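In: how would this look folded up:
(2 chains)
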Amino acid sequence: MWGAPGTGKTTFLGVLDIALNRRDYGLTMTGANDASVNVLIEMTETINDDREFPPATDSIDTFKWDLFTVQPPQSSTQPAKITLKLTDPSGELMKNTRRSDPNRKKLIDEIVDSAGILFMFDPIREFERGDAFSTTNGLLKQLMGAYSLNGQNTFTGRLPHYVAVCITKFDEPRILETARALNILRRDPKDPHGLPFVHNNDAPRLLDSLAQVSGSGDGGMTVNALKTHFYPQRVEYFVTSAVGFYVDPRTKKFDIDDPQNLVKDKAGMANSARIRGPVRPINIVEPVMWLSDCIAQSRPQM
Amino acid sequence: MTGNDSFPVSAQWALQGKTLGRDGYRVLASSAGSLSMENFTDAIGRFSMGTPEKLSNALPQMTISFLKSGEVNHLALAIHRLASETYPDGQLTASDDDGRAVVATSYYCVRYDPLAERSVSYQSMYEAFSAAPLRPENGPVLPVKLPTAPTAPDSGAINSLVIRAAALLVTGRPVCVLGASLQTNMTDRLGFIDTVMSLLPYGFRARMAAATWTRATNQNHHFRLFFSGDRRDVKDPDNVVFWGLPEQTIPGRNDTYAHYYFNWLNTGSVTDKLTLLAGLKTPRSLANRGQVQEALDEIDQITPFWPRRVPVFQPKTETEPARPENGQRPTLDTTVPAQSEVEQLLVSCARCMDGADSRRFGDTVGQLKMLTRSGVDAGERDRCRKLIYECHLFRHNDALGQDEQELREILLKIAFEPPLSYEDYCLIEDGIGEGKSPDPSLLQLIDTLIDTQGAADERVKAITYAQFPAGDAWKKLSKWYESAELSAYQLTNLLAFEVRHSRHMRLLCDVTTACLTRKTNTYDPKKLDSVLHRHRYLAGKLQDSGAGDDQYQLDTLGTFLRAAYPGGLTRDDLYHVMRGTKPVTLPFLGAVLLMVAKDDACLARDLYLHHSFKAMHFQEQTLRELLKLIDIPEGPAPSPQVEEALLFDRTVSAPLSPHHDLPGDPIRPLTTGGPAAPTDGQPDGASLSVPQDNRQQSGPGRHRGRRGQNKNDGQ
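Out: Residues are numbered from 1 along each chain as shown, chains lettered A, B, ... in the order given. Now for the predicted structure:
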């Protein structure tokens, strides 16, 4: 997981199990150790039952979750298990002021050892603070340095990871509005709630558009940094929302004039933001499965 | 606290929290001391407790850490509370932009030295710092008062769990306390940490990091003692103790220090130990094995770890140490088991060898190593020797790897008092079992032992060296031979001694014949003959010892004769050797026949028959008739040397100590009239005298004592 503080890294992971249960992906999930099981239960409960966001990550949390492909009865194919080792760092570690922090170094080691990155781009934070580039660039340079040092002459200047760029907080009205303005909003006719989504092919357009309104003016550099530091064919874009859109419990339909599933009370007071209704994650399982498939295919077959 | 029972310290501090605006957690305010905001950011981040769990008692929590600024050590304590509870007045943001509760971390640090001087506990620090809440604005360092007298842990708090946790900490691996989540609050857990640390040298606090709680998914934390809900999934797993369930604590492989320390803590008065440990203030780290060893050595010097006759750290069988009664601190288990701890471990080693349980074997050997650091007493040494014999503790098993070598080193150290005697060597072979010779690694260990501590008996050296591969064996023998410690006469003399195994006799013969044939210029054949003559040319010895078959005996005896008579046997020589040999064996006759002139062969045969008949228990008349039939010509008169040898033959059953039968240290015949006069003209090594049953002698000093004793007996 890669992203500045508050970009929704932990929440993304926290709704993964909810997303699997909202739709039939043919997957089930559990933790591969006690700690991971417990955190999975706790995060799901916090978001789904308490309708709160999980606490901000302190330091680096490491989860090991197993995803099982669920086979239909009498299926002749073997069920598959995908073990996700997810490193969820505190967003503070992305700040360049922490570049000498031993935890930051640990994070770099973890990324070097990993094959895939879930990159969280929070357009709201970028609009308000515009620090995506600074939090990304420093870490990218340290990563490149680590590869250059280890790979010596074999390092080509691009990092080998598969990167799922998640444009988060799609449920925010301003993001939704931008997508609508770009005419890239789609709806699945089979979806009973009529929830909107942005196809992955259109996601780069949305990202470019949102990057242009970066608070610092550096949003475009973030996008370019991702394109140049990783192999373009290994980068995929997803427009995501952890909590999803609000669905009117009476009509069971999505209302474009009342889309937000997050309500904010008076700023600065306790419980200033709450999840309004049932959580319906958007594009949460997809980036994980995309990464998983890419990594599986890139590895030599036994 | 009054002025008398407290002392002032300056606490540098920082307050970490969040403000609205998605800046994340950061240091919001800090003191104007030597530490900068960046220092505090680094220190707090480095010892992060991890993401708080969703439990009713998830907060407050406390983390204990340290930092070093220049050469100055500081102890640090961070209190993590909900901002909404700590600052109900809203001085600090209670919820972030996503409505998540903000955790306020109040971080305090003070110099280590004044705390160490008074052995200040973490609890005292907590109480003092709690009384000095932090405001979210920069300010001066805080004046804090800490108690002058160290706060001794509650005697009831020193229970088996605490002792086990303390013992496990010295392994260098972190200790995780599981199962305490719902039963305890933060101060309970801090009390536990403090009590555990009171059972370790105070100096370890200078590099100690502990947490009253940390999340198991926070895998990279640096705490050495911490509470958690689950185990960390890490490559090198933590030691784990279970709250309220000390018996479930299982020490891991190579937890030697844990066993060692556990036993020490369980022996004697805990009060004395607390005082001792509080006084050991040198800053050290539990993560540094060398520093842990230093601390243990320091303790050992003050209060020796030996003897420790207490049950070993056996998690499945050990019971909770006795709780204190009448307010006394526990003196813990005073049970003296039938077998000592060392014996138990040796038996355990044998069982592991039986089952090829290399993991447990390694643990056991590790414990044994620590327990025997200071050696064992004489009584225990004897019992260990018995166990070596009974359990075949020197047997070899490839599966046991390096731990086998460690066990052998321990055994050689505890069961064998230097220098190594022949009886000791035989015990080692008995410890291998099945009449087997030492394997190469054991042989190397014995060799090293001989090199460093010497051998009480030259037989040990000869037998050991002879078993090395051919080239190495000769190198060693040659070096030994040329070192002037040894002569051909001594080597020959060694053959006269009783040996336990025919294999040993064979090895001694091989060594002797090798030296006699390769180092011909190092001895006088006449003197050698004198030695051989005294030992009856060793014909009977070789026959009785079973060192080799007839051919081997013939070859060996022939080598001896050729060394003593390089020009062959004349007729006079023939009389001399045949008279001097008893019994005259057929291999000896063969050797003689191969050395005499053709004309003397019949005489040799007749002499053989003559002496053989004489050795039989025939009636005198029969013997006379038989000897008349052989009718050998009368030879030269027996030499005085021969007479002397015959005299000895009537009185001795064994020769002298193999260690002292040196040409330069002639041993003279015992006389009843006082010390014997020097026997001028006698060859070195041939001046033999024989104390009875001197096989028991095992060292130079003891040998001399025994000689004196015998002499006195003789008087």
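In: Around residue 189, count how many other residues there are.
Out: No chain was given, so I picked chain A. Residue A:189 has 6 neighbouring residues, counting by other Cβ atoms under 10 Å in any protein chain shown. Where you see a C-beta, it was placed from the backbone N, CA and C, and this is true even at glycine.
In: Not quite, go with chain B.
Out: Applying other Cβ under 10 Å, I find that residue B:189 has 23 neighbouring residues.
In: hang on, it packs against residue B:180?
Out: Yes - assessed by Cβ atoms under 8 Å, residue B:189 is found in contact with residue B:180 at 6.4 Å.
In: Just the buried residues of the helix or strand residue B:532 falls within, please?
Out: Here residue B:532, judged by DSSP states H and E, is contained in helix B:525-534. Going by neighbour count (16 or more other Cβ atoms under 10 Å in any protein chain shown), the buried part of helix B:525-534 is B:525, B:527-534.
In: Would you mind measuring from the nearest residue to residue A:169 once chain neighbours are set aside to residue A:4?
Out: Spatial nearest neighbour of residue A:169, excluding adjacent residues (Cβ to Cβ, 6 or more residues apart in numbering or on different chains): residue A:124 at 5.5 Å. Shown here: residue A:124 relative to residue A:4, a distance of 11 Å by Cβ to Cβ, to the nearest Å.
In: Residue 259: how many residues sit nearby?
Out: Going with chain A. So residue A:259, with other Cβ under 10 Å, has 20 neighbours.
In: Not quite, go with chain B.
Out: 26.
In: Let me know the helix or strand that it is in.
Out: Per DSSP H and E, the secondary structure element for residue B:259 is helix B:256-265.
In: quick one: average pLDDT of that helix?
Out: Here helix B:256-265 scores 79 as its mean pLDDT.
In: which helices and strands sit right next to it?
Out: Helix B:256-265 is packed against helix B:160-169, helix B:289-302, helix B:358-371, with contacts defined by 3 or more Cβ pairs under 8 Å, 6 or more residues apart in numbering or on different chains; DSSP states H and E.
In: Dump the C-alpha coordinates for the first one into PDB.
Out: Right, helix B:160-169. Written as PDB, here are the backbone C-alpha positions of helix B:160-169 (Å, rounded to 0.1, in the frame of the first residue of the first chain):
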ATOM      1  CA  SER B 160       6.900 -17.700  38.100                       C
ATOM      2  CA  LEU B 161       5.700 -15.800  35.100                       C
ATOM      3  CA  VAL B 162       7.800 -12.800  36.000                       C
ATOM      4  CA  ILE B 163      10.900 -14.900  36.600                       C
ATOM      5  CA  ARG B 164      10.400 -16.800  33.300                       C
ATOM      6  CA  ALA B 165       9.900 -13.500  31.400                       C
ATOM      7  CA  ALA B 166      13.100 -12.100  32.900                       C
ATOM      8  CA  ALA B 167      15.000 -15.300  32.100                       C
ATOM      9  CA  LEU B 168      13.700 -15.300  28.500                       C
ATOM     10  CA  LEU B 169      14.800 -11.700  28.000                       C
END
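In: between it and helix B:256-265, how big is the angle?
Out: The directions of helix B:160-169 and helix B:256-265 differ by 140 degrees, with axes from the mean of the first three to the mean of the last three Cα atoms, to 10 degrees as the criterion.
In: Packing partners of helix B:160-169?
Out: Taking 3+ Cβ pairs under 8 Å, 6+ apart as the contact cut, helix B:160-169 packs with strand B:175-178, helix B:186-198, strand B:239-242, helix B:256-265.
In: what residue ranges in chain A score low on pLDDT?
Out: A:73-79, A:151-152, A:265-272, A:299-302 (pLDDT under 70).
In: same thing with chain B?
Out: Short version for chain B, where the test is pLDDT under 70: B:1-4, B:55-56, B:151-155, B:182, B:250-256, B:304-339, B:484, B:639-715.
In: Show me it divided up by domain.
Out: Domain assignment for chain B, taken from automatic domain parsing, gives B:1-151, B:155-336, B:337-414, B:652-714.
In: returning to what we had before: who has more neighbours out of residue A:124 and residue A:4?
Out: More neighbours surround residue A:4 than the other of residue A:124 and residue A:4, with 24 against 19 (other Cβ under 10 Å).
In: show me what contacts the spatially most central residue of chain B?
Out: The centroid of chain B falls nearest to residue B:410 when counting by Cα atoms, centre = their mean (3.3 Å). Contact analysis of residue B:410 by Cβ atoms under 8 Å, 6 or more residues apart in numbering or on different chains lists B:365, B:368-369, B:372.
In: Ok, residue A:150 next?
Out: So residue A:150 contacts residue A:112 (Cβ under 8 Å, 6+ apart).
In: now the helices for the stretch 451-600 of chain B?
Out: B:458-466, B:470-482, B:488-494, B:502-518, B:525-534, B:539-545, B:550-564, B:571-580, B:586-593 (DSSP state H, counting those that start in this stretch).
In: Please save the CA atoms from stretch B:387-395 in PDB.
Out: Provided in PDB are the C-alpha atoms of stretch B:387-395 (Å, rounded to 0.1, in the frame of the first residue of the first chain):
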ATOM      1  CA  LEU B 387      26.800 -41.700  33.500                       C
ATOM      2  CA  ILE B 388      29.400 -41.500  30.700                       C
ATOM      3  CA  TYR B 389      30.000 -45.200  31.100                       C
ATOM      4  CA  GLU B 390      26.400 -46.200  31.500                       C
ATOM      5  CA  CYS B 391      24.800 -44.000  28.900                       C
ATOM      6  CA  HIS B 392      27.600 -44.100  26.300                       C
ATOM      7  CA  LEU B 393      27.700 -40.300  26.200                       C
ATOM      8  CA  PHE B 394      30.600 -40.200  23.800                       C
ATOM      9  CA  ARG B 395      28.900 -42.200  21.100                       C
END
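In: May I see the buried residues of that stretch?
Out: Using 16+ other Cβ under 10 Å as the burial criterion, the residues of stretch B:387-395 that qualify are B:387-389, B:391-395.
In: ditto for stretch B:197-209
Out: Buried residues in stretch B:197-209 (16+ other Cβ under 10 Å): B:197-209.
In: Residue B:637 - how many residues pack around it?
Out: Counted with other Cβ under 10 Å, residue B:637 comes out at 9.
In: residue ranges for the strands of the chain, please.
Out: Just so you know, I chose chain A. With strands called from DSSP state E, chain A shows them at A:27-31, A:60-69, A:81-89, A:116-121, A:162-167, A:185-187, A:196-198, A:235-239, A:262-264, A:273-275.
In: Chain B was what I was after
Out: Using DSSP E, strands in chain B cover B:6-17, B:26-30, B:61-69, B:72-82, B:103-111, B:142-147, B:175-178, B:210-211, B:225-228, B:239-242.
In: can you list the ones you listed in TSV and add distance to chain A and mean neighbour count?
Out: Listed next are those as TSV, based on distance: least, Cβ to the nearest Cβ, whole Å; neighbours: other Cβ atoms under 10 Å in any protein chain shown:
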stretch	distance to chain A	mean neighbour count
strand B:6-17	10	21
strand B:26-30	7	21
strand B:61-69	11	21
strand B:72-82	9	21
strand B:103-111	8	25
strand B:142-147	25	18
strand B:175-178	10	24
strand B:210-211	12	29
strand B:225-228	8	26
strand B:239-242	12	22
